[in-house]
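J.: everything below, folded, please.
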Amino acid sequence: MKALVIDDTLTSSTVISHQLRKMGIEALTAADGATGIELFKEHRPDLVLLDVIMPGIDGYETAKRMRQLERDGEWTPIIFLTARTNDEDLERGIAVGGDDYLVKPVSEIVLNAKVRAMQRIAQMRYSLVVLTRRLDEANRELLRLSSVDGLTGISNRRQFDEFLQREWARGVRSAAPLSLLMCDVDSFKQYNDFYGHQTGDECLRSVAAVLKEGARRPADMAARYGGEEFAVILPDTALDGALQVAEELRLGVEALAIPHGVAELGLVSISIGVACTIPRRERGTAEQLLGDADSALYQAKQSGRNRVMPYSGEEQ
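T.: Okay, the predicted model is just below:
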C-alpha cells in the first residue's frame, strides 16, 4: 500500500510518515497542495492524508482537484489532517471529496485504526467494482446470446424484427430505399428426411454463412427467420441492387455444391423473394414489406425454385 502525506508542517509530516512505515505502508510526502497533486497524478496512491491549512492551494481545493483527476471507477480514500473540529469545517471537507478526518496532533493508535478502516472499505469497494464488471460482461453476453440464432450463429428472429423496425423508421426519416430478401432452402424437409437432422443442421449453417458473407456492409443484416427460412435486410438499397445481391447469394449457395439427392438440381439451392420500398409514414409498414417479400418468395417456389423473384404486386 502507498500513502501520500500532504502537510506543510515538517514535524507533522515526518511523524505521520514514520507511523505509516511502521504499518508497512510506503509514504510519499509533499509540503503543499500543488506538489501533492503532481505526486497524486504520478503515483496514484492508495490513500491520501491531507492537511487542511496550507499556503497556496488549501486542503479543500487540493482534495477537490484530486477527485477530478480520478478515472471512472477509481476511488482514493482522503483523510483530512486538521485542528478544526467544528461542524462547518467537517461538512465542507466531506463536500469536496474527503472521507474522514484526523485531529492534530495525530495519535498513532487512531491513525492505525483509520487507515485499516479505509483499507477495508477500499477492498470492499474494489470487490464490488469487480463484481459489477463481471455482471456487466455477463449481461452483455446474455444480450448477445438473446440476439443470435443458436444453430447458425447469425441474427435470430427477435433481432431481425427489431432491426427491421429500426431501419423502417430510419428510412422514413431519410426517404432512402429499404430492401428485404426472404430466402428459403429448397426441398429442405426432403433433405432432412433423406440425410438426417444432424446433416440438415450442417446444411443450414453452411447456407447461413453464405448469407452472412453476402450481407457484407455494416448496415446489412442476415438473420434466420425460422426453420429453413432466412432473411436479409439491405438498407439504402434500391430494387436493382437488391436483386443483384440476391442472385449472388443464390449462386453462393449453389457453389457450396452440397449434395441433395432428392432435388431436381442434385444440389442444395435456395429460392429468394425480393421486395423494396421507400418507407413513408402515410403509406406502408415494415410488416407490409415483409409480406411483399414473402409473396415474392412464394412465387419463386411456384416458378420452379432455385431462383430470385422480385415482388410485383404494386409499383415499386
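J.: okay, which residue is most central for the chain?
T.: Of all residues in the chain, the one closest to the mean position by CA atoms, centre = their mean is R140, 6.2 Å from it.
J.: that one in helix, strand or coil?
T.: When classified by DSSP: H, G, I helix; E, B strand; the rest coil, R140 comes out as helix.
J.: and the helices in the stretch 151-300 of the chain?
T.: Taking DSSP state H, counting those that start in this stretch, the helices of the stretch 151-300 of the chain run over residues 157-174, 188-195, 197-214, 239-255, 286-302.
J.: now the shortest one: average pLDDT?
T.: So that's helix 188-195. Confidence over helix 188-195 (mean pLDDT, whole number) is 94.
J.: residues making contact with that helix?
T.: Outside of helix 188-195, the residues within contact range by CB atoms under 8 Å, 6 or more residues apart in numbering are V185, T199, G200, C203, G227, E228, H260, G261, V262, A263, V268. Bear in mind the C-beta positions are built from the backbone N, C-alpha and C, glycine included.
J.: buried residues in that helix?
T.: Neighbour counts over helix 188-195 (16 or more other CB atoms under 10 Å) mark F188, Y191, N192, Y195 as buried.
J.: A34: which of those residues is nearest?
T.: Using CB to CB, F188 is the member of the buried residues of helix 188-195 that sits closest to A34, with 74.0 Å.
J.: which residues of this protein fall in strands?
T.: Taking DSSP state E as the criterion, the chain carries its strands at 2-6, 26-30, 47-51, 78-82, 100-103, 178-185, 221-226, 229-235, 270-277, 308-310.
J.: what average pLDDT does the second one get?
T.: Pointing back at strand 26-30 there. Here the average pLDDT along strand 26-30 is 93.
J.: starting at the chain centroid, how far to the helix-or-strand element of the chain with minimal mean pLDDT?
T.: Ranked by mean pLDDT, DSSP states H and E, the helix or strand of the chain with the weakest confidence is helix 87-95, at a mean of 79. How far helix 87-95 lies from its chain's middle: 39 Å, per CA atoms, centre = their mean, to the nearest Å.
J.: what's it in contact with?
T.: Contacts for helix 87-95 (CB under 8 Å, 6+ apart): V52, G59, Y60, A63, F80, T82, Y101.
J.: what's the angle between it and strand 78-82?
T.: Angle between the axes of helix 87-95 and strand 78-82 is 150 degrees (criterion: axes from the mean of the first three to the mean of the last three CA atoms, to 10 degrees).
J.: just the buried residues of helix 87-95, please?
T.: For helix 87-95, the buried set under the neighbour-count rule, 16+ other CB under 10 Å, comprises D89, L90, R92, G93.
J.: now the two most distant members of the buried residues of helix 188-195.
T.: Among those, F188 and Y195 lie farthest apart (CB to CB), at 10.4 Å.
J.: and the closest residue to M54 other than its chain neighbours, how far from L49?
T.: With CB to CB, 6 or more residues apart in numbering as the criterion, M54 has its nearest non-adjacent residue at 4.7 Å, and that residue is D8. Distance, D8 to L49, using CB to CB, to the nearest Å: 13 Å.
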